[in-house]
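Visitor: Kindly generate the corresponding structure for this input.
(chains A and B)
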Amino acid sequence: MRAATFNRWFGRGWLSLGYAFLYLPIAALVIFSFNDSPVPNVWGRFTLKWYAALTSDTEILNGLWLSLRIAFFTACASVVLGTLAALALVKHRRFVGRTLFSGMLNAPLVMPEVIIGLSLLLMLVAAQKASQAAFGVGFPERGLMTIWLGHLLLGMAYAAVVVQARLKDLNPQLEEAAMDLGARPWQVFWLVTLPMISQALLSAWLLTFTLSLDDVVLSAFLSGPGATTMPLVIFSRARLGLNPSVNAVATLTVALVSIGVIGASLWIARRERLRAADVAAAARYA
Amino acid sequence: MSAVKTGRGWAVIGVPYVWLLLFFLLPFLIVLKISISEMDIASVKDVLTVQNGAIVLNARFSNYVTLVTDDLYFSTYLSSLKYATVTTVLCLAIGYPFAYFMARARATIQPALLMLVMLPFWTSFLLRVYAWKGLLTEHGWAHAVITSTGLDHLLLRAGLIPGEGQLMNTPFSLVLGMTYTYLPFMILPLYSNLAKMDLRLLEAASDLGATAWVAFWKITVPLSKAGIIAGAMLVFIPCVGEYVIPELLGGPQTQMIGRTLWDEFFSNNDWPMASVVAAAMVLLVIVPLALFNKYQAEANEGRA
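Guide: Model prediction:
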């Protein structure tokens, strides 16, 4: 008995310390964004001046606009390509070069970003040179599109993991039933498979959007003159030292992400409940 | 199967496949080519010899010779491996009990616990690393706690910081930052593994006279091997090539290979040398990468 009580309290203590470790820096970021003091990490008094300064900070605002556009395109394309890749792996157990395919798909999840960034950049430079020689126009120009290509490589891998997890839990009988009832393969996909994985698609979209919005290394390699994303602006400021404007940006990010994630998970939970109710109703009629 | 015959199957496989070949594999082959293209003899090897794989090991190429003979590069490699290993061990030491207690918590609060681990992962990684800068420099919260408890004496004795009260830009701040950043990557695979475990096995062990401690080491730990490997690889591989954390939290003593690559490319404009560093880095992570891929394939396709 005493051992069990000890275990329980030890477990609670360990979890609390762990969560404190994970959240302490975030709490500090938020608190010090309201700090007015000559030393950035000593509390002086409450202020909103860093937020006010942000509204006229064109460097950050331009970066944010660029980052949002890249993140939007990245998330959309990642979900499409990631879903295709997930379908390929889940629906087709054997095809030529399957191991190479899954290897290439999973590698970007862990591969150091400096390697991905450098190799993609060197290829794009080679492509640009070749097109310059052939057509007299250097394409692709470094900027939004090249950053998007890099983020897409990363986003596709993450999206594929999320969608794959959902696809393999699907009941194959539902798709088979639709086919038995005469649906064509694309009808099965649009009318049966897609609605069932819609939550996974939403999580994948949100995940790849935030990944892209956050990326420093790939963007640094692939950006061109004038294409400075928000993380690049923040990184160059953070490198130089403590900067309260960074804290203000951080607080806004944390607020938005929390609202987004909590909202999305509530929506997903609601869909899940409705679906369960539908399944139960269908079972009653059967 | 019929989908393959009708041709839709080939689109599903073909589009992402061609995409990956074009934007993942091909760029990498170009890196290998550029890494040997700046040889003293101007003859350029054709691509097929590059694909041979053994090329990377071949030390006849001048840039690769520099990499092996130059003490600076070599020690940078060693220290990258060292810091990545230390980070992985620390993440496992903190993350395993954490994931274990999460998986054994009441089922009703587990989704919330899981959400709380994932939430920091959704908020900007760059900003969370930056936060440690404020915490660890003088007057920061963590700085105050560590110096007032005398922990800095221990760190100093362990050689992790250069002097009392100097916490930033040291091996200590680097390892702390990397452990902090990668801890969720260790916890998540371990949790999903431990949560699936059949608890009746532990009851059986206890019925057969095993103490809780013995049952833990003989049953729980071996059964969670796949989770341990996945978590360790998710931490170790990106840490080897980490750039942002050493740049923000590291210091002059903590040169890491990702930073070397960056400097070769952006400061020295030496593309071939940067390519050599990249190729060698891949060599360093290729075995862990294969392990990770094997696990990932099993985890994604294990249950049919």
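Visitor: Now B:Gly9: which helix or strand?
Guide: In this assignment (DSSP states H and E), B:Gly9 forms part of helix B:8-20.
Visitor: Can you point out the buried residues in that helix?
Guide: B:Arg8, B:Gly9, B:Trp10, B:Val12, B:Ile13, B:Pro16, B:Tyr17, B:Trp19, B:Leu20 (16 or more other Cβ atoms under 10 Å in any protein chain shown). To be clear about C-beta, it is placed using only N, CA and C from the backbone, and glycine gets the same treatment.
Visitor: which of these come close to chain A?
Guide: Near chain A, judged by Cβ under 8 Å from any Cβ of the partner chain, the entries from the buried residues of helix B:8-20 are B:Arg8, B:Gly9, B:Val12, B:Ile13, B:Pro16, B:Tyr17, B:Trp19, B:Leu20.
Visitor: how about JSON lines for these, with pLDDT added?
Guide: Formatted as JSON lines, these follow (pLDDT from 0 to 100):
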{"residue": "B:Arg8", "pLDDT": "57"}
{"residue": "B:Gly9", "pLDDT": "70"}
{"residue": "B:Val12", "pLDDT": "83"}
{"residue": "B:Ile13", "pLDDT": "86"}
{"residue": "B:Pro16", "pLDDT": "90"}
{"residue": "B:Tyr17", "pLDDT": "91"}
{"residue": "B:Trp19", "pLDDT": "91"}
{"residue": "B:Leu20", "pLDDT": "91"}
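Visitor: Reformat the buried residues of helix B:8-20 as TSV; add distance to A:Asp215.
Guide: TSV is the format used below for the buried residues of helix B:8-20 (distance: Cβ to Cβ, whole Å):
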residue	distance to A:Asp215
B:Arg8	33
B:Gly9	33
B:Trp10	32
B:Val12	28
B:Ile13	28
B:Pro16	21
B:Tyr17	24
B:Trp19	19
B:Leu20	19
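Visitor: Report all helices and strands that the helix of greatest length in chain A contacts.
Guide: Of all segments of type helix in chain A, defined using DSSP state H, the longest is helix A:244-285. Contacts defined by 3 or more Cβ pairs under 8 Å, 6 or more residues apart in numbering or on different chains; DSSP states H and E place helix A:244-285 against helix A:2-32, helix A:49-55, helix A:198-214, helix A:230-240, helix B:110-122, helix B:125-136.
Visitor: Check whether the longest one comes near chain B.
Guide: Yes: Helix A:2-32 lies in contact with chain B when judged by Cβ under 8 Å from any Cβ; the contacting residues are A:3, A:7, A:11-12, A:14-15, A:18-19, A:21-26, A:28-29, A:32.
Visitor: what about the residue in chain A positioned nearest to chain B, neighbour count?
Guide: The nearest approach of chain A to chain B comes at A:Pro112, 2.2 Å away (Cβ to the nearest Cβ). When counting by other Cβ atoms under 10 Å in any protein chain shown, one arrives at 25 neighbours for A:Pro112.
Visitor: again, but for B:Val287
Guide: Counted with other Cβ under 10 Å, B:Val287 comes out at 10.
Visitor: tell me the SS of it?
Guide: Taking DSSP: H, G, I helix; E, B strand; the rest coil as the rule, one finds B:Val287 in the helix state.
Visitor: quick one on the thing from earlier: and the longest helix of chain A, average pLDDT?
Guide: The pLDDT scores in helix A:244-285 average 84.
Visitor: And stretch B:74-82, by the same measure?
Guide: 89.
Visitor: For that stretch, list every residue counted as buried.
Guide: For stretch B:74-82, by 16+ other Cβ under 10 Å, it's B:Thr76, B:Tyr77, B:Ser79, B:Ser80, B:Leu81.
Visitor: ok, back up a step: could you list every helix and strand in contact with the helix or strand following the helix holding B:Gly9?
Guide: Later in the chain than helix B:8-20, the nearest helix or strand by DSSP H and E is helix B:26-37. Applying 3+ Cβ pairs under 8 Å, 6+ apart, one finds that helix B:26-37 contacts helix A:113-135, helix B:47-51, helix B:62-69, helix B:271-301.
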